[in-house]
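Participant: sequence first, then the predicted structure, then my questions.
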Amino acid sequence: NILGEGEESQNLKTLATKLKLERVNFLGFSNNPQPHYDRAAIVCLTSTYEGWGMVLMEAQTNGCATIAFDCSAGVREILSPSWENGVLVTPYSIEEYAQSLSKLMEDEDLRNKIAVNARSSVKRFSLENTLNQWNNVFIELSNIDAEASGDELHFGEMSLHRCLYEEMVGQMITQDNLRV
């Protein structure tokens, strides 16, 4: 199954018909990809540029092995190291992509190992971990500010960093709820 739309959609549909690829289904855009993740073993991202690659994180969270072109720092961050948390393919190397995908399709043990590793690895991008990292940034900035002024910070009081942290948590939770 192929989800999504793009400039090449019609060309790909025509090619699939010409090659008589009966098991290739073009499903278009979906507001709810969950049923597709539930049935998938491998998720292929074929973009030649992808800033972050949220679909990769969604796929990993759902226990899918992932493959993508090594087209950005974001994709590299999510899938590294290659063949452990996903498969990174040299940009524009269609032959390497095809060979890597074939290997994933044929080797169930490898596919399962990657899926298990990825499901664990993707947790580092969880809301809780992200909020903790931001909180640490605010604490450090507050400490630097306190050292510069010579004042001692009292974390029991409503400090600036706490206000910013709570505002950010509220924003992230609201945005997260809107996506559901």
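Facilitator: Looks like it came in fine.
Participant: distance of the residue nearest to Glu5 when sequence neighbours are not counted from Val116?
Facilitator: Once flanking residues are discounted, Glu5 sits nearest to Phe29: 5.3 Å by C-beta to C-beta, 6 or more residues apart in numbering. For glycine as for every other residue, the C-beta is placed from the backbone atoms N, C-alpha and C. Here Phe29 is placed at a distance of 30 Å from Val116 (C-beta to C-beta, to the nearest Å).
Participant: list the contacts for Glu50?
Facilitator: 68, 71-72, 74-75 (C-beta atoms under 8 Å, 6 or more residues apart in numbering).
Participant: which of those are buried, as a PyMOL select command?
Facilitator: Buried subset of these, written as a PyMOL selection, criterion 16 or more other C-beta atoms under 10 Å:
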select buried, resi 68+71+72+75
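Participant: farthest pair within the contacts of Glu50?
Facilitator: Greatest spatial distance among the contacts of Glu50 (C-beta to C-beta): Ala68 and Gly74, at 10.2 Å.
Participant: joint contacts of the two?
Facilitator: 50, 53.
Participant: so Phe29 and Val116 - more neighbours on which side?
Facilitator: Val116 (13 against 9; other C-beta atoms under 10 Å).
Participant: give me the helices and strands touching the helix or strand hosting Ser102, please.
Facilitator: Element membership of Ser102, judged by DSSP states H and E, is helix 94-106. Applying 3 or more C-beta pairs under 8 Å, 6 or more residues apart in numbering; DSSP states H and E, one finds that helix 94-106 makes contact with strand 42-45, strand 65-69, strand 87-89, helix 108-121.
Participant: next, the angle from that helix to helix 108-121.
Facilitator: Between helix 94-106 and helix 108-121, the angle comes out at 100 degrees (axes from the mean of the first three to the mean of the last three C-alpha atoms, to 10 degrees).
Participant: CA atoms only: put helix 94-106 into PDB for me.
Facilitator: Listed next in PDB are the C-alpha coordinates belonging to helix 94-106 (Å, rounded to 0.1, in the frame of the first residue of the first chain):
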ATOM      1  CA  ILE A  94      17.800   4.000  -6.300                       C
ATOM      2  CA  GLU A  95      19.800   0.800  -6.700                       C
ATOM      3  CA  GLU A  96      21.000   0.800  -3.100                       C
ATOM      4  CA  TYR A  97      17.400   1.600  -1.900                       C
ATOM      5  CA  ALA A  98      16.100  -1.400  -3.900                       C
ATOM      6  CA  GLN A  99      18.800  -3.700  -2.600                       C
ATOM      7  CA  SER A 100      18.300  -2.600   1.000                       C
ATOM      8  CA  LEU A 101      14.500  -2.900   0.800                       C
ATOM      9  CA  SER A 102      14.900  -6.400  -0.700                       C
ATOM     10  CA  LYS A 103      17.200  -7.400   2.200                       C
ATOM     11  CA  LEU A 104      14.600  -6.100   4.700                       C
ATOM     12  CA  MET A 105      11.800  -7.900   3.000                       C
ATOM     13  CA  GLU A 106      13.700 -11.200   2.800                       C
END
